[in-house]
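K.L.:
Next input, structure requested:
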Amino acid sequence: MSSFSFLNLELLKFISILSALLFILSIVFIPYLILRLPSSYFVRELFERPSQNLIVNLLRYIVGFVLIIFGLIMLVTPGQGLISILLGITLIPSARRNKFIIYLISLKGVQSSLNFIRLKFKKEKFHFD
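P.N.:
This next block holds a predicted model:
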């Protein structure tokens, strides 16, 4: 019985540390990515930026999947879950990606969160036309 309690305590410690780490990373990394995007990013031909460079494509997939996984975790822990998922999806080329991004961006909460971060750092708001 005591080994069960010890395992639960260790699992709780691990989850707490992971949650704190993801929260800190999201506070730093997500605004950085949002600020680097042009204000017309969500208006242009829906993210059609094909790259022929294998290393660039591989990095886009890796970073995109990591952001999606962290975003899913941050939906139940402190952090910017929806924004992380949105940024991760925009990096991964996929046939259904654009429809999902259009749906997420149509949510007023997502729009206001993205623009709040940009305005906080005196950047132009995103255009969602």
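
K.L.:
show me the contacts for residue 110.
P.N.:
Counting by C-beta atoms under 8 Å, 6 or more residues apart in numbering, residue 110 touches 82, 83, 86, 104. To be clear about C-beta, it is placed using only N, CA and C from the backbone, and glycine gets the same treatment.

K.L.:
Most neighbours among these, please name it.
P.N.:
Highest neighbour count within the contacts of residue 110, by other C-beta atoms under 10 Å: residue 86, with 24 neighbours.

K.L.:
nearest residue to it other than its sequence neighbours?
P.N.:
The shortest distance from residue 86 to any non-neighbouring residue, by C-beta to C-beta, 6 or more residues apart in numbering, is to residue 104 (5.2 Å).

K.L.:
What separation do you get for that neighbour and residue 53?
P.N.:
Counting by C-beta to C-beta, to the nearest Å, the separation of residue 104 from residue 53 is 27 Å.

K.L.:
helix/strand/coil for the nearest residue to residue 119 once chain neighbours are set aside?
P.N.:
Counting by C-beta to C-beta, 6+ apart, residue 119 lies nearest to residue 125, which is 6.5 Å off, once chain neighbours are set aside. Using DSSP: H, G, I helix; E, B strand; the rest coil, the structure places residue 125 in coil.

K.L.:
and residue 125, what pLDDT?
P.N.:
At residue 125, the model reports a pLDDT of 91.

K.L.:
wait, it sits on residue 39?
P.N.:
Yes: counting by C-beta atoms under 8 Å, residue 125 does reach residue 39; the two are 6.4 Å apart.

K.L.:
hey, what's in contact with both of those two?
P.N.:
residue 118.

K.L.:
So which bits of the one helix or strand residue 32 maps to are buried?
P.N.:
Using DSSP states H and E, residue 32 sits in helix 2-36. Neighbour-count burial for helix 2-36, counted by 16 or more other C-beta atoms under 10 Å, picks out 19, 22, 26, 29, 30, 31, 33, 34.

K.L.:
which other helices and strands contact the helix or strand following it?
P.N.:
Using DSSP H and E, the helix or strand that follows helix 2-36 towards the C-terminus is helix 54-74. Helices and strands touching helix 54-74, by 3 or more C-beta pairs under 8 Å, 6 or more residues apart in numbering; DSSP states H and E, are helix 2-36, helix 81-91.
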